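Student: Quick one, structure for this:
(2 chains)
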Amino acid sequence: MTEKIPLYKDLLKGLWRENPVLFQVLGMCPTLAVTTKAVFGLSMGMATSFVLISSSIIVSIFRCLIPNQVRIATYTVIIATFVTIADLFLKASFPDISRSLGPYVPLIVVNCIILGRAEAFASKNNPARALFDAVGMGVGFTLSLILLGTIRELLGYGSIFGYEILKNGFEPWVIMILPPGAFITLGLMVGLFNMINKKSSKKKVC
Amino acid sequence: MELIFIFLAAAITNNFVLTYFLGICPFIGVSNKIESAIGMGLAVTFVMTLTSIVAWLINTHLLIRFDLPFLEYVSFILVIASLVQIVEMFVRKVSPQLYRALGIYLPLITTNCAILGLALFMVLRGYDLIKSVVFGFGAGCGFTLALVIMAGIREELEFADIPEPLKGAGITLILAGLLALAFMGFGGLISS
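Tutor: Numbering: from 1, shown residues only, chains lettered A, B, ... in the order given. Just a heads-up that it's a prediction; the model follows:
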């Protein structure tokens, strides 16, 4: 804690180096379940980011007041409260999206990314750093969800964000919008991520 | 008859792990060895069955009666967390042997999305008490089944020649995809 780390580093590490989905392989249920279309990935990512940012700030502000023994229960209640807010907001403003996401919005409560950041980062750092860390993680999560959603939508429906891209003579790969497609695409994405990282780390050595 | 369908649907055709993507974290984390997979599966089945009872009672007799639907998530997650704690203390007192087998997996269950997902699906589908229990037990069995199969494959996988970047999470996800494909074959079993 004595060493001074610039705030932008807290922000950037969530985007690539410690990307919650591709590097830490956390928060898998929403990642795989809702990414049949890019727009669902985007809305899920934004809902999760909202909960992540708000709960990180609250946890960080109250970090000295929360007794150590009940900290996990306290974090969970804080997170559940924000999830309820996000869920009610989605239901009121975007009923269609809320219906398609179904029970996966309330399941943000048990998204390991949020509890993980609360426990590993927000409870040990001041609100400003917690905010930057949460924004970075949230954006990293959202981006990987959009990427996965785009790949699956393009191959499964032939469109991106609802705009038809592949029209004539393209037979949609139904498997991509079914569960196996989600697992396999994400598996390959994680593999690709490792491959790129390995190459860049090798360069640094040379 | 309907109860059998609910059980089969929860355990096989709509397997929680492979079609609803619930409980993926332990599915990837604890599926290295068959023994630990069985331990985790048993612990989850046990807690799931209990959760279905308690969540149903709370939902029907507190949340609906006093018109507090916005407290659903907060109360469910608290119920699950305290249930896991109680089960852990109970098992430690009553059967130290079982505790040694399940002990380390119990605390992990609180953040297992499958349990909260179970409670939410149960409410969403409007099951009564008996259906909820059958649903919970079936989902637990399905989770155990998927976990044990996965562990069996991964034990063999240690001797396989996997491309370097895919080692670990990558290959596990692809395997899960193939497993999900296989489970889709059961889809025609129940027409709902």
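Student: which residue sits closest to residue 38, ignoring its sequence neighbours?
Tutor: By default, I'm working from chain A. Take A:A38 and drop its neighbours on the chain: the residue closest to it by Cβ to Cβ, 6 or more residues apart in numbering or on different chains is A:G149, 3.9 Å away. The C-beta positions use only the backbone N, C-alpha and C, and glycine is treated the same way.
Student: right idea, wrong chain: chain B
Tutor: Nearest non-adjacent residue to B:I38, counting by Cβ to Cβ, 6+ apart: B:V148, 6.1 Å away.
Student: Pretty sure that neighbour sits in a helix.
Tutor: Yes - assignment of B:V148 by DSSP: H, G, I helix; E, B strand; the rest coil places it within a helix.
Student: What's the per-residue pLDDT of A:N168 here?
Tutor: pLDDT recorded at A:N168 is 69.
Student: for chain A, what are the low-confidence residue spans?
Tutor: A:1-5, A:168, A:200-206 (pLDDT under 70).
Student: Which stretches in it count as helices?
Tutor: Applying DSSP state H to chain A gives helices spanning A:7-13, A:28-33, A:38-61, A:71-93, A:95-101, A:112-117, A:127-157, A:174-177, A:179-205.
Student: From B:F21, how far out is the residue nearest to A:A38?
Tutor: Separation of A:G149 from B:F21 (Cβ to Cβ, to the nearest Å): 14 Å.
Student: Spatially central residue for chain A, please.
Tutor: A:F141 (2.8 Å; Cα atoms, centre = their mean).
Student: That one touches A:L42, doesn't it?
Tutor: No - if you go by Cβ atoms under 8 Å, A:F141 and A:L42 don't touch, sitting 11.2 Å apart.
Student: Contact partners for A:G191?
Tutor: By Cβ atoms under 8 Å, 6 or more residues apart in numbering or on different chains, the contact set of A:G191 is B:163, B:165-166, B:170-171.
Student: how close does it sit to B:N14?
Tutor: As judged by Cβ to Cβ, A:G191 and B:N14 stand 28 Å apart.
Student: Name the helix or strand of chain B that has the lowest mean pLDDT.
Tutor: Least confident helix or strand of chain B, by mean pLDDT, DSSP states H and E, is helix B:106-109 with a mean of 70.
Student: Does the helix or strand that that helix is followed by reach chain A?
Tutor: Proceeding N to C from helix B:106-109, the next assigned helix or strand is helix B:113-125, under DSSP states H and E. Yes - judged by Cβ under 8 Å from any Cβ of the partner chain, helix B:113-125 and chain A are in contact via B:113, B:115-117, B:120-121, B:124.
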